[in-house]
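Chemist: I'd like to go over a predicted model; first the sequence, then the structure.
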Number of protein chains: 2
Amino acid sequence: MKLYYAPGSCALAAHIALEEAAADYTAERIDLKAGQQTSADYLAVNPKGRVPALVTERGILTETPAILAFIAQNYPSARLAPLDDPFAFAQAQSVNSYICSTLHVAHAHRHRGARWASDEASFADMRRKVPENMAACFGMIERTMLRGPWVMGDDYTICDPYLFTVARWMESDGVRPSDFPAIEAHMKRMSERPAVRKVLAFYPA
Amino acid sequence: MKLYYAPGSCALAAHIALEEAAADYTAERIDLKAGQQTSADYLAVNPKGRVPALVTERGILTETPAILAFIAQNYPSARLAPLDDPFAFAQAQSVNSYICSTLHVAHAHRHRGARWASDEASFADMRRKVPENMAACFGMIERTMLRGPWVMGDDYTICDPYLFTVARWMESDGVRPSDFPAIEAHMKRMSERPAVRKVLAFYPA
């Protein structure tokens, strides 16, 4: 398998999950600043022009929540999700869906306002609201999702690398990690895992 | 089980899936115009203050992609997803994740601009871009996801009620259904299913 990734992007979540699953994969960096994600070569991989994309022998997968669930299901011995319990699996997927469709979207309004508006004044207005929105998202996760020590409780799952990935955006999005002590402790716990250390070498701060 | 829903909302997708699965459930309407989604009673159900929420004997589930996968896994005999094939399941989940985190988000910028900005001028700017963004999303689905006759090909899955739900927003979002003939044909095919007809009675146009 091959993972297309970019530093700073949410591809980090799938990257960590592949490493935790001991998957046989390579990683290819896409240069977002140079616009490589919209090159003809990359659009043939992912017509959406985004990362991550995971090339498998069956075809290409996109969308982080789908890739994470695939890694969990494809490497069941890594026990990265409660695969035999549809309700618990849905709870894990619910966390990942919230991160993808609410938290990541709130984050994207800082630099990607042009996706949803056209005027510089609108982009500035959006940027001003990012700290408040991101704090609300992290508050929701801290209060209602993160059970501890891992997101789903005692078992490390595909929710953990995803939360870790977006929690790394806190400070640049104007959120104080110390306001969310459970998430801050989770970040520390994550950063001590060998798989995370190995993958972070691909994601310079 | 009990599904909290609101007319016009994406709860329609889970509602149809429950009906297709022949699940034993009731549906309770939340009055979004009256702000019932932010009442203390409802926030105790879903602290995010959104619909849908699915109450199960194990607890409450939120986020449409997670609820749809749960319904498919919890009612395997309804065959609403390729449950024994992690790659095909991931492809279905990828479609649903795209609908949730890109298409639904693009749609929300028409009336929910206050989630991401503060000024009336920004809201108007966002509204102007909705037709273009929604057309791009439907174009992406038509070209790269919808295989026909159903989203995943010959088998009806949890992707179908979700696509049907958001395709109903086309005209009010300034998109011509006839520009997307495969989606338009899919809508017609969906509207002929008994489960869809039954559920649509809860969702007046």
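Modeler: Perfect, I can see it now. Residues are numbered from 1 along each chain as shown, chains lettered A, B, ... in the order given.
Chemist: Leaving out chain neighbours, which residue sits closest to A:Asp119?
Modeler: Distances taken as CB to CB, 6 or more residues apart in numbering or on different chains put B:Asp125 closest to A:Asp119, at 5.0 Å, once the chain neighbours are dropped. From N, CA and C alone the C-beta is placed, and that goes for glycine too.
Chemist: burial count for the one you found?
Modeler: When neighbours are counted by other CB atoms under 10 Å in any protein chain shown, B:Asp125 registers 23.
Chemist: Check the secondary structure at it for me.
Modeler: Under DSSP: H, G, I helix; E, B strand; the rest coil, B:Asp125 falls in the helix class.
Chemist: For A:Ala117, see how far away it is.
Modeler: Distance, B:Asp125 to A:Ala117, using CB to CB, to the nearest Å: 4 Å.
Chemist: Now do the domain split for chain A, please.
Modeler: If the domains of chain A are taken from automatic domain parsing, they occupy A:2-78, A:86-193, with pieces of a single domain joined by a plus sign.
Chemist: So is the first one next to chain B?
Modeler: Think domain A:2-78. Yes - with CB under 8 Å from any CB of the partner chain as the threshold, domain A:2-78 lies in contact with chain B, specifically through A:47-48, A:56, A:58-59, A:61-67, A:69-70, A:73-74.
Chemist: quick one: which two of those are the most distant?
Modeler: A:Pro47 and A:Gln73 (24.3 Å; CB to CB).
Chemist: Who has more neighbours out of these two?
Modeler: Per other CB under 10 Å, whichever of A:Pro47 and A:Gln73 has more neighbours is A:Gln73, with 19 against 16.
Chemist: give me the element the more buried one is part of.
Modeler: Per DSSP states H and E: A:Gln73 is located in helix A:64-74.
Chemist: before we move on, the earlier item: list the contacts for the residue nearest to A:Asp119?
Modeler: Contact partners of B:Asp125, counting by CB atoms under 8 Å, 6 or more residues apart in numbering or on different chains, are A:117-119, A:121-122.
Chemist: again, 6 Å this time
Modeler: Listed by CB atoms under 6 Å, 6 or more residues apart in numbering or on different chains, the contact set of B:Asp125 reads A:117-119, A:122.
Chemist: Quick check: the farthest pair among those?
Modeler: Taking CB to CB, the two most distant members of the contacts of B:Asp125 are A:Ser118 and A:Ser122; they sit 7.1 Å apart.
Chemist: Give me the more crowded residue out of these two.
Modeler: Remark: of A:Ser118 and A:Ser122, A:Ser122 carries more neighbours, 25 against 14, as counted by other CB under 10 Å.
Chemist: And the pLDDT for that one?
Modeler: In this model, A:Ser122 is scored at 98, pLDDT.
Chemist: State the three-state secondary structure for it.
Modeler: Under the three-state scheme (three-state DSSP), the conformation of A:Ser122 reads as helix.
Chemist: Enumerate every residue touching it.
Modeler: Residues counted as contacts of A:Ser122 (CB under 6 Å, 6+ apart) are B:122, B:125.
Chemist: likewise the one 4 residues further on?
Modeler: A:Met126 makes contacts with A:109, A:113, B:116-117, as judged by CB under 6 Å, 6+ apart.
Chemist: Apply 8 Å and report the result again.
Modeler: A:109-110, A:113, A:116-117, B:116-117, B:122.
Chemist: for chain A, what spans make up the helices?
Modeler: Secondary structure of chain A by DSSP state H: the helices cover A:11-20, A:40-45, A:64-74, A:86-98, A:104-108, A:120-144, A:159-167, A:181-191, A:194-200.
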